[in-house]
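# Please work out how this folds:
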Amino acid sequence: MTHMTRARVSSCAMAAAFLVGITAPAASAHHAHAGQAQGSHTRIPFTEAEVTASDDGSYTVEWKAPGIRHVAVRANGRTVASGGSTGKVTVRGLPAADRQWFDLVPERGGRLHLADRLIALEGAVNFRDAGGYRTADGHWVKMGEIYRSDALDKLTTADLAKLRRLSVRTVHDLRTESERSAAPDRVPAGATHVVADVLAGSPTFTAMPTTPEEGVAMMVEGEKFMVSGDTAKTAYRTVFGGIEDDSSHAVVFHCTAGKDRTGWANAALLTALGVPRATVMADYLASNDYRAEANAAALASMPAAQAAVYKPLLDVRPEYLNSGFDEVRERFGSFGGYEKKALGLDAGDVRDLKRDLLVG
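Okay, here's the model as predicted:
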């Protein structure tokens, strides 16, 4: 990932103790629809596509569209590049924008409307789009509708103005009461702030681990609670209710580091939409990249032994997310059972969710 905002050591130390009851020791414009085709039911021939922004203001656009001979890449109403069924182009010289969008236009079939997932902000390092992924049956998750983030308390006035221009209308705060009191959210003017406290009922996070192994075990148990804990189920029902409400878009859900409580929220959303598990895992693990600079600064501020204990808390690891899906299977039998019994979504709700957030 090439976009990285400045690390803030003090906030990262707090992020190391990302959950309730754990206090980190003192440290030595109009929202657009990605994947939106000319007709939302037109088949989109792209099997892979991604936009990556670079710090020098350029953009890399990559795609695969088997059987398509020509793809035009358009930005700001004009063609800026083109290629064949497989392409990777670098686009430079575009005017500054809150978010640069690209249309990938194939010779036949539906177009994709994409941007870099990261929303570059001064006061957050892990604010990114939940969409831009392909489902197993060939649809694409819209971008510009749902965002995931780390803490919002450090957002600047310029950040808030940008989020308002991106039509952020609802912010779901997944943090505990103590986290919210210590670092109150800053939200865009006119946006609704909704408390959805995932961990209020968890007994897991009451003391710091003393070894790396204990840290890993704590993260695994925490993931399980996010699936089956009573307050977690209530919180995620609230989040999914907000996502279902079109009038509340664009929606943001966030916690402190934007990786665990937020990570499960997005994993559940993408899974409900039909995104393959491997893609869901890649999105989850991307927090390691987006938070790399901030996490390294936090660990560097600690003695080596302490940093070794903290590292599992700062990481996202496959075993953490997999423990959540294992908990789904053990407690609910299937993800469909989890949707119904934990999230309160029946088959009609899931169909509505897909109709609203998928194209192609």
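# mind listing what T231 touches?
197-202 (Cβ atoms under 8 Å, 6 or more residues apart in numbering). Just so you know, the C-beta spots here come from the backbone N, C-alpha and C atoms, and that holds for glycine as well.
# Now P66: phi and psi?
Backbone torsions of P66, given as degrees, to the nearest 10, read phi -50, psi 130.
# Can you tell me how far it is from L313?
P66 is 42 Å from L313, where distance means Cβ to Cβ, to the nearest Å.
# circling back: of the contacts of T231, just the buried ones, ChimeraX syntax please.
To isolate the buried ones among the contacts of T231 in ChimeraX, judged by 16 or more other Cβ atoms under 10 Å, type:
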select :197,198,199,200,202
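# Out of the contacts of T231, flag the one nearest to E339.
V198 (17.2 Å; Cβ to Cβ).
# Please report the distance of E145 from D315.
From E145 to D315 the distance is 28 Å (Cβ to Cβ).
# which SS state does the residue nearest the centre of the chain fall under?
Centrality entry for the chain: nearest residue to the mean C-alpha point is R148, 3.7 Å, by Cα atoms, centre = their mean. Put simply, R148 is strand when judged by DSSP: H, G, I helix; E, B strand; the rest coil.
# buried residues in stretch 76-87?
For stretch 76-87, burial by neighbour count (16+ other Cβ under 10 Å) applies to 80-81, 83, 85, 87.
# now the protein, which segments are flagged as low pLDDT?
1-41, 204-206 (pLDDT under 70).
# re earlier: want to try JSON lines for the buried residues of stretch 76-87, with secondary structure and distance to L166 as columns?
Shown next, in JSON lines, are the buried residues of stretch 76-87 (DSSP: H, G, I helix; E, B strand; the rest coil; distance: Cβ to Cβ, whole Å):
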{"residue": "V80", "secondary structure": "strand", "distance to L166": "22"}
{"residue": "A81", "secondary structure": "strand", "distance to L166": "25"}
{"residue": "G83", "secondary structure": "strand", "distance to L166": "29"}
{"residue": "S85", "secondary structure": "coil", "distance to L166": "32"}
{"residue": "G87", "secondary structure": "strand", "distance to L166": "27"}
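# out of the residues you listed, who's nearest G131?
The closest of those, once distances to G131 are taken by Cβ to Cβ, is G87, at 21.0 Å.
# That closest one touches V61, doesn't it?
Yes - counting by Cβ atoms under 8 Å, G87 does reach V61; the two are 7.5 Å apart.
# Mind listing the shared neighbours of these two?
Listed as contacting both G87 and V61 by Cβ under 8 Å, 6+ apart are 73, 81.
# Can you show me the helices along the stretch 201-350 of the chain?
212-228, 230-244, 261-273, 277-290, 292-300, 304-314, 318-332, 335-341, 347-357 (DSSP state H, counting those that start in this stretch).
# Identify the farthest-apart pair in the buried residues of stretch 76-87.
So, the buried residues of stretch 76-87 by Cβ to Cβ: farthest apart are V80 and S85, at 18.8 Å.
# re the thing from before, now tabulate the contacts of T231 in JSON lines and tack on distance to T176.
Compiled in JSON lines, the contacts of T231 are given as follows (distance: Cβ to Cβ, whole Å):
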{"residue": "D197", "distance to T176": "6"}
{"residue": "V198", "distance to T176": "8"}
{"residue": "L199", "distance to T176": "6"}
{"residue": "A200", "distance to T176": "6"}
{"residue": "G201", "distance to T176": "10"}
{"residue": "S202", "distance to T176": "9"}
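# Just give me the closest of the contacts of T231 to A124.
Nearest to A124, judged by Cβ to Cβ, of the contacts of T231 is V198 at 18.8 Å.
# hang on, the earlier thing: out of the helices of the stretch 201-350 of the chain, deepest packed?
Comparing the helices of the stretch 201-350 of the chain by mean neighbour count (mean count of other Cβ atoms under 10 Å), helix 261-273 comes out on top with a mean of 24.
# phi, psi of the residue lying farthest from the centre of the chain?
Most distant from the centre of the chain: R69, at 32.9 Å, with distances by Cα atoms, centre = their mean. Backbone torsions of R69, given as degrees, to the nearest 10, read phi -90, psi -30.
# Then T170?
The phi/psi pair for T170 (degrees, to the nearest 10) reads phi -140, psi 130.
# so how far is A191 from the residue nearest to it when sequence neighbours are not counted?
Excluding the flanking residues, the one nearest T170 by Cβ to Cβ, 6 or more residues apart in numbering is S248, at 4.1 Å. Applying Cβ to Cβ, the value for S248 to A191 is 10 Å.
# residues shared between the contacts of those two?
169-170.
# Now do the same contact list for the closest residue to D230 other than its chain neighbours.
Spatial nearest neighbour of D230, chain neighbours left out: G201 (5.4 Å); criterion: Cβ to Cβ, 6+ apart. Counting by Cβ under 8 Å, 6+ apart, G201 touches 229-232.
# before we move on, back to that, would you mind stating the distance between the residue nearest to T170 and V316?
S248 sits 27 Å away from V316 when distances are taken as Cβ to Cβ.
# Same drill for these two, tell me which one is more crowded.
It is V316, of S248 and V316, that has more neighbours when counted by other Cβ atoms under 10 Å, with 21 against 17.
# Test my guess that the more buried one contacts D260.
Yes - using Cβ under 8 Å, V316 makes contact with D260 at a distance of 7.3 Å.
# in the stretch 101-250 of the chain, which spans are strands?
In the stretch 101-250 of the chain, the segments counted as strands under DSSP state E, counting those that start in this stretch are 102-106, 112-114, 128-129, 140-141, 146-149, 170-173, 192-195.
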